[in-house]
Structures are given as structure tokens and as C-alpha cells.
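*Asks:* I would like to see how this sequence folds:
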Amino acid sequence: MSGVAPGAPIRVLVVDHSAVVRELLVHILNSDPQLQVIGVAVDGEEAITAAQRLRPDVIVMDIHLPLLDGFTATRRIMESAPTRIVMATATTDPKEVAANFRAVEAGALAVLTKPTGPDEPDFAASAQELVQMVKLMSEVQVVKRWPCRAAVVARPAAPPLVAPLPTVKLVAIGASTGGPIALQTLLAGLAKPLPVPILIVQHISDSFVDGFVDWLASTTHYGVRVAVAGEWPQPGLAYVAPSGRHLQLRANGSIELVDAPAEHSVRPSVAALFRSVTAVHGAGAVGVLLTGMGRDGALELKAMRAAGALTIAQDRESSVVFGMPGEAIRLDAACYALSPDKIAVVLGDLFMKPGNGKTIADIKNQSGGKP
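*Replies:* So this is what the prediction gives:
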């Protein structure tokens, strides 16, 4: 599906079982001159029918719906009338949020907090987040989804790496819009846990971090936890930045959570993580920049490459939003541009030989991958 034509209104379908919430969402979306609500639905069955009949540019849908829940409705919409879907949920309970991410597995592009009532202090911010997300999703060229590892029939080929690789101590990953499913694919694609820690910055709504971590751990079977200040990252585990604080490394290698100003309008930022990893580990790190809007982490990935680190950006074809990895490629910051499943192969192959002393050229699989 191509993006919305320049100058054309972005046509939105709203799906929610509550009449009050539907009215609020319609008001918020129609208040922006670029958006036009073309229909509403009250349950999952109506959502499927409306998607097929109206062919909206974007669907804003709750996960909790009568007849068919948002997960099932998303899957069936993606089968019959592929559409950009944004899940809007009122829950902040980690278990509920983790369940909501099943809709991302089914093909939804993003999950965000449903705007509160106009009398609530965060109403303006949550309403603006919804409007901006709908606009951003309308620009996505093709709705993308990657299979879980269990569904992968053949091990994908990875590129031949062509330079000496020093001992790797840590992998740092940054992601934004589209990142949850890319991270899930990457972690699930690892044949076994890496013998080094993974640090992750994922731009996500503040109240979703715990649920996101629960979902990522349960669907990938990788050890994933929220990072805690002062702990030393352990091999075989992945640490996700908590909301509202930059995830960094101290000089001694322990985790530091910093209340510094936002960078690229986000906190945590990928930039802050990559800078600290370069300062502590230099060439002994791997940097990975996944799908997302903007430029967060691109310049810092270039600094990692200049320090001798192996750097990888997600390729255009597999990115939901090619902003961050695209900027890294434009800056010549990435040694390779790969899909998440191939990134998993590269990371796994780095540690196939005892002692992690191999050269990059030891990886034999042949494919593309150069930016």
C-alpha cells in the first residue's frame, strides 16, 4: 500500500465500543485539517466490514472490542484489506499492555495510550501524540510484518563481513516506530543467547515499558528486563531503557540512568546510549539502529563506526519508517544494512568460535547488505 497522496486528507476509521470514547476520538482527529474521520465501528466484526468497504488510510482501534477483540480483528483486516492500524488502549497494566502487543504481531504498526478526557492534565499531550502518530503512519509505504522465529523456514543468509573484529563486549540497539516487531524478530532469531549483554533503547509510551518487556521476553524466549541503575549488564540478557531516563554506561561498565534533557525530543534517546557505549567499549561494541522516524542515534552510530565498532542499520525494505536507519546510511555510519532476521544471524555468527576472536571475514554466508 502506498502512502497518502500529497495534499489529500488522511482518511481515518475509528473503532471503539464506547460511544463517549468514539466521540472524543472523532473530535480529536477531525480537529486537525489534515485528518478526516470517514467512519466508526463499535466491534471487531464491524471494523473488518468497514475496513473492506471504506478502505481507510489509517485505522485507530481499541484492543478490547465486543465479538472480536482488536488482535483478531487486526489479523483478519490484514488478511482481507491490509491497512495501517494504530492500537489505542486505556490500560497501563503491564500484563494487559503485553497482551496488546499481540496486535503488533498481527500487523498493527503501533500501540499508544488512548487520550484521556479533556479535563485531565495530560489530555493535550495524549491527543497530540495520537494525531502525530496517525499522520506518521499514513506515510508508511507498505504495512510490514516479520514472522516469528518459529515460522522461519530457512536460516536467512547474512553478508560476508570483511574487516578484523576485536573482542566484542556489548551490543547496543536503538529503535523507534516499528521497533517492537523488529526487536522481537531479531531476538527470536538468535539461536542461543549471546555471550555478551544487549542494551536497548526503544521509543515507546511511558506507561508501556513494563508490558513491552514482558511481551518481548515471552515471545522471544530471550532474557529481557528493564534496566536498573547501578547493575552490571550480564551476558545472555537484554536490558531495555525505562521510561523518562537516558540509558547509559558508566566508565566502570555498570548501568547509569540519567535525567538529562531529551535529545531529538525523546528521553531515553538512542544517541545517549550509543555515545556512552563508544566511550566505554570503543571498537569492542556492536551498534544496531532499527526502524524509526527522525535521526536519533544516526550520528552516534557513525562515531561508533569511526571507533572501530561493527555498525548495522535496518534496511529500507524491512523498515516501517526508514528515518533513523536511513539517516545512518546517508551518513555512512553503517557497515551493513540488513533486515532484523539477518541482523540476528550476524550477531549469532560473531560468537560461533570460542574466545570471540574471529575476524568479520570468517562469516561465510553470502548476501547483500552493504548500504
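
*Asks:* how long is stretch 277-295 from one end to the other?
*Replies:* Start and end residues of stretch 277-295 are separated by 18 Å (Cα to Cα, to the nearest Å).

*Asks:* oh, I was asking about stretch 286-293
*Replies:* Termini of stretch 286-293 sit 21 Å apart (Cα to Cα).

*Asks:* and Val280, how far from Ala251?
*Replies:* For Val280, the distance to Ala251 equals 6 Å [Cβ to Cβ, to the nearest Å]. The C-beta positions use only the backbone N, C-alpha and C, and glycine is treated the same way.

*Asks:* more neighbours, those two?
*Replies:* The neighbour count for Val280 versus Ala251, taken as other Cβ atoms under 10 Å, is higher for Val280 (18 against 9).

*Asks:* if we ignore the residues flanking it in sequence, what's nearest the more buried one?
*Replies:* Using Cβ to Cβ, 6 or more residues apart in numbering and skipping residues adjacent in sequence, the residue nearest Val280 is Leu249, 4.6 Å away.

*Asks:* likewise for Ile63?
*Replies:* That would be Gly70: by Cβ to Cβ, 6+ apart, it lies 3.7 Å from Ile63.

*Asks:* where do the strands sit along the stretch 251-371 of the chain?
*Replies:* 255-258, 285-289, 310-314, 336-338 (DSSP state E, counting those that start in this stretch).

*Asks:* by contact count, what packs against the third one?
*Replies:* Using 3 or more Cβ pairs under 8 Å, 6 or more residues apart in numbering; DSSP states H and E as the contact definition, the elements that strand 310-314 packs against are strand 285-289, helix 298-306, helix 323-330, strand 336-338, helix 340-350.

*Asks:* for Arg53, report the pLDDT, please.
*Replies:* You'll see Arg53 listed with a pLDDT of 97.

*Asks:* now it: phi and psi?
*Replies:* Arg53 adopts backbone torsions of phi -80, psi -40, taken as degrees, to the nearest 10.

*Asks:* how much space between it and Tyr336?
*Replies:* Taking Cβ to Cβ, one finds Arg53 at 44 Å from Tyr336.

*Asks:* okay, those two: which has more neighbours?
*Replies:* With neighbours defined as other Cβ under 10 Å, Arg53 and Tyr336 compare such that Tyr336 has more, 24 against 11.

*Asks:* wait, the more buried one touches Val346, no?
*Replies:* Yes - between Tyr336 and Val346 there is a contact under Cβ atoms under 8 Å: 7.3 Å.

*Asks:* bridging residues for Leu249?
*Replies:* Ile255 (DSSP bridges).

*Asks:* contacting residues for it?
*Replies:* 170, 199, 255-256, 276-277, 279-281 (Cβ atoms under 8 Å, 6 or more residues apart in numbering).

*Asks:* if anything else comes up later, I'll come back, but that's it for now.
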